[in-house]
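Trainee: how would this look folded up:
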Amino acid sequence: MDSSAHPYPLLDSLAAPQQIRHFTPGQLERLAAEVRAFVIASVSETGGHFSSNLGTVELTVALFHHFDFLQDRIVWDVGHQAYPHKILTGRMDRFPTLRQHHGLSGFLKRDESPYDHFGAGHASTSISAALGMAKARDLQKQNHTCIAVIGDGSMTAGMAFEGLNQAGYLEAKNFLVILNDNDMSINPNVGSLQGYLNQIMSGQYYQRWRDRIEHAIKSIPLEGLSKGVAKAAKWSEESFKRLMVPGLLFEDLGFRYLGPVNGHDVNATSKALAEAKEKMKDGPVLLHVQTKKGYGYEPAVQDPLKWHGVTAFDAESGEIIKVQADPAKPAPPSYTSVFGKALVDLAKKDDKIVGITAAMLDGTGLNFLQKAFPDRCFDVGIAEQHAVTFAAGLAAQGMRPVAAIYSTFLQRGFDQVAHDVCIQDLPVTFALDRAGIVGADGPTHHGLYDLAYLRCLPNIILMAPKDENELRRMLMTAVYCGHPAALRYPRGNGLGVALEEPIAALPIGKGELLREGGDLVLCALGALVEPALRIAESLAAEGIDCAVINARFIKPLDETLLHTWARRCRGVVTLEEGCAPGGFSGAVAESMADAGLVRPLLRCAVPDHLVHHGDPKRLLEEEGLSPSILEARIRTFVHQI
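Mentor: Modelled structure (predicted):
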C-alpha cells in the first residue's frame, strides 16, 4: 500500500494503543479519520468485511481512549466489525494479508494478539463471554473492566438475552454492554425488538429528563414525608420512565441504560463512555450507540448489504473489480441460486411449502421465495434455534417448511434439530448451504461437521448432490419424504449441467453406479463425485480399474450397492468434503463391519484438526482433497493392497 498516497501520521506514530489514552479530542477525531481511510484503502485491495467496520471506527477509537485492553477485556460480537480494533493493536502492517492463506484473520483470534480476548465468527456470544470473564475477575480478586460490543443484528438472538438476564441478576459491576445499533445484520433487521429500539431512538430526550426527575426526587427529604407520599414519589419516578421509554427492557433486566449516542461523534461517544465507567461501579450498564454501516464511504452507506463483504474494488469509483470471464463460456449458476429458484418452482405448485432463514435471505437464496411469495417466507433474524423450532411447529400443523441455513450456523440449533424435529419425526427440510471448505472466513465458517452431527440423529435423511440438477431432485425428495431431511451443497458455482424439467424426486437411500471396475470402488459424496470420475479415468490409463459410486445418501446408505462392489474389488475408497470423525467414511466403515465385509479402506476426508482461512483450492490441497493429491493417494493405496 502506497503510504505517500494515504498518509496516516497518527496511526504510524502509535507504538502501542495505550498512547490513545492521552489523546486530545482533536487527535481522537484525526485518528478516527485515519483509521477509516486505512480501512477503505486496505479492504479495496484485499476484499473483506467492509461496511460493518466503517460503522465502528469512532466507537473503537473512543474505547481505546478510556480503556487499556491489555488489562481490561473486550469481546466483539461476530468479529467482522473489529478491523479498527486490529488496526489499533499493532496489526496495520499485516492488512495486505487479510483473509489470505496464513495471513491475518478476518475475525478475532486469541492466538493472533493479546488484545483479542475472545474469538467469534458466529453472533450473539459477546455478552455471555464477557460476563464469564467478569465473574472470573471477581473470583480472582481482580478489578479490570469487561466489555461486550454487540450489534449487527446479534441482539435478536435468545443467547444475548440469556446473558443480559444473568448479568442483571448477578448485579455485575464494572461490566459494560455496548449495543451498536445500526438497523442491520447482513440483511435489514427484523422483529419487534427492532421496533422497540426505534422507539428508544425517537425518545432521545429520555436520558436527560430521567436524570432531572431522579435528582428532583432525591432532593426531597423523604424521611420527613409520610410513607404514602414517599411511595407516591417513587411511583412517579418509575411511571415517568415507562412513559418515556415503553417497557424499559434493559433497566428491567437490571442494567443502567445510557444513550442513545451518536456513534460517529467520537467525542460524544467518549463522554458517554466516561459516564458509563462511573455508573458501572454500582452495577451493569448498557450503552446504546447509534451507527450506520458503511459510514464515511457513500457507496457503502447507500447499499450496506452489497458492501457487507466485498472483493477488491476501486476506492475512488466504488466499482467492484471483477475477474474477466470468457464470454464464450458463461459461468454456471451457483448452487445457492439453483436451490432458491427450485424452491420457488415447487412452491408454485404447493401452497404448503414455506421458507425460513436466520438473517440470510440473500446468502441462502431465499430472496427468490420472498419476492415470489412474501407471506410464505420468514426471516427470523439471527436466531437459528428459534428458526428450527418454528419450522417444527409449522410442520406439526401440516406445512412443508424448508429451513435454509448455512452448514456452520445450523450447529447453533443442534438441540432443536434433535429434540423438536427428529425425535418427533417432523418433516422439516434443512438446506445446508456452504457445506465443505468455504475459504477466507476460516474455522468458524467451514461447513465440515454437518454430516457428523446430523448422522447420529434418529429419523433424519441426509443427502449431498453431485451437481446442480441433482440438488433440485434432492430438494423435491426432501420436501415430500415425510421425515426430517437435510441436503448439503457447496459454496460457489455448479458444474453447468442441464436442469431437467419437471423436477423429479429420487428413490430414498439409493446411490448411483457411475462406472464399473474391479480393483477399487471409489465411493464419493457430493462435490467429490466429479473429481472421483476424472481420477478413475486417469488411473484407467495406468491399468488401474476403478468403479465409481455416487453415494447420494449418507443416511440411509445404499448398503446393497456398496457391499456388492466392495466384494468385487480389492479395496474401498471414500471421498467427502467433511470431517473424518463421524462423517460419511464412518458410515461406510460401520456398514462394512456390520456386514462382516473386510476390505482395505482409504478414507479421504478432512483430518481431525482445524482448517484455517485461505483460498479454498489451496486448503483442499493441504487437506489432501485436491484432485491431483487424491489421485496420488489412491494410486499409492492400490499398490499397497
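Trainee: give the other helices and strands that the longest strand along the chain contacts.
Mentor: Ranked by residue count and defined by DSSP state E, the top strand of the chain is strand 571-579. Under the contact definition 3 or more CB pairs under 8 Å, 6 or more residues apart in numbering; DSSP states H and E, strand 571-579 sits against helix 450-455, strand 520-524, helix 529-540, helix 584-594, strand 601-606, helix 627-640. For the C-beta atoms, the positions are set from N, CA and C on the backbone; glycine is no exception.
Trainee: just send these back as TSV, with mean pLDDT too.
Mentor: TSV is the format used below for those (pLDDT from 0 to 100):
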stretch	mean pLDDT
helix 450-455	97
strand 520-524	98
helix 529-540	98
helix 584-594	97
strand 601-606	98
helix 627-640	97
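Trainee: can you pull up the most central residue in the chain?
Mentor: A centroid search over the chain (CA atoms, centre = their mean) returns residue 122, at 4.3 Å, as the residue closest to the centre.
Trainee: give me the secondary structure label for that residue.
Mentor: coil (DSSP: H, G, I helix; E, B strand; the rest coil).
Trainee: hmm, it is touching residue 413, no?
Mentor: No. Counting by CB atoms under 8 Å, residue 122 does not reach residue 413; the two are 11.4 Å apart.
Trainee: where do the strands of the stretch 201-350 of the chain begin and end?
Mentor: 256-262, 285-290, 309-310 (DSSP state E, counting those that start in this stretch).
Trainee: residues making contact with stretch 11-29?
Mentor: 3, 10, 31, 34-35, 38, 61-62, 64-66, 68-70, 87-90, 92, 115, 266-267, 270 (CB atoms under 8 Å, 6 or more residues apart in numbering).
Trainee: picking up where we left off before, wait, which of the helices and strands packed on strand 571-579 is closest to residue 48?
Mentor: strand 601-606 (24.4 Å; CB to CB).
Trainee: give me the contacts around that closest one.
Mentor: Identification of contacts with strand 601-606 by CB under 8 Å, 6+ apart yields 437, 448, 528, 571-580, 583-585, 588-589, 592, 623-625, 630, 633-634, 637.
Trainee: residues of the longest helix seen in the chain that come out buried?
Mentor: For the chain, the helix that runs over the most residues, judged by DSSP state H, is helix 25-46. For helix 25-46, burial by neighbour count (16 or more other CB atoms under 10 Å) applies to 27-44, 46.
Trainee: what does stretch 357-377 give?
Mentor: Taking 16+ other CB under 10 Å as the criterion, stretch 357-377 shows 357-370, 372-373, 376-377 as buried.
Trainee: partners of the nearest residue in space to residue 260 that is not next to it in sequence in the sheet?
Mentor: Distance criterion CB to CB, 6 or more residues apart in numbering; nearest residue to residue 260, sequence neighbours excluded, is residue 288 at 4.4 Å. Assessed by DSSP bridges, residue 288 has beta-bridge partners residue 179.
Trainee: in this structure residue 288 contacts residue 256, no?
Mentor: No. Contact between residue 288 and residue 256 fails when scored by CB under 8 Å: they sit 11.4 Å apart.
Trainee: not counting sequence-adjacent ones, nearest residue to residue 386?
Mentor: Nearest to residue 386 is residue 380, by CB to CB, 6+ apart, at 5.5 Å.
Trainee: where's that neighbour relative to residue 371, distance?
Mentor: Going from residue 380 to residue 371 by CB to CB, to the nearest Å gives 18 Å.
Trainee: burial measure for the residue nearest to residue 260, as a count.
Mentor: Counted with other CB atoms under 10 Å, the neighbours of residue 288 add up to 22.
Trainee: just residue 404 next, same as before
Mentor: For residue 404, using other CB under 10 Å, the count is 26.
Trainee: show me where the stretch 1-150 of the chain has helices.
Mentor: Here the stretch 1-150 of the chain has its helices, by DSSP state H, counting those that start in this stretch, at 9-13, 25-46, 51-54, 57-66, 83-86, 126-139.
Trainee: got the angle between the fourth one and strand 285-290?
Mentor: With axes from the mean of the first three to the mean of the last three CA atoms, to 10 degrees defining the directions, helix 57-66 sits at 150 degrees from strand 285-290.
Trainee: which other residues reach helix 57-66?
Mentor: So helix 57-66 is contacted by 17, 20-21, 23, 28, 31-32, 35-36, 39, 69, 74, 82, 84-85, 88, 147, 149, 178, 180, 263-266, 269-270, 273-274, 277, 289, 291, 295-296 (CB under 8 Å, 6+ apart).
Trainee: what's near enough to touch residue 556?
Mentor: 461, 508-509.
Trainee: cool, and residue 119?
Mentor: Applying CB under 8 Å, 6+ apart to residue 119 gives the contacts 79, 107-110, 444.
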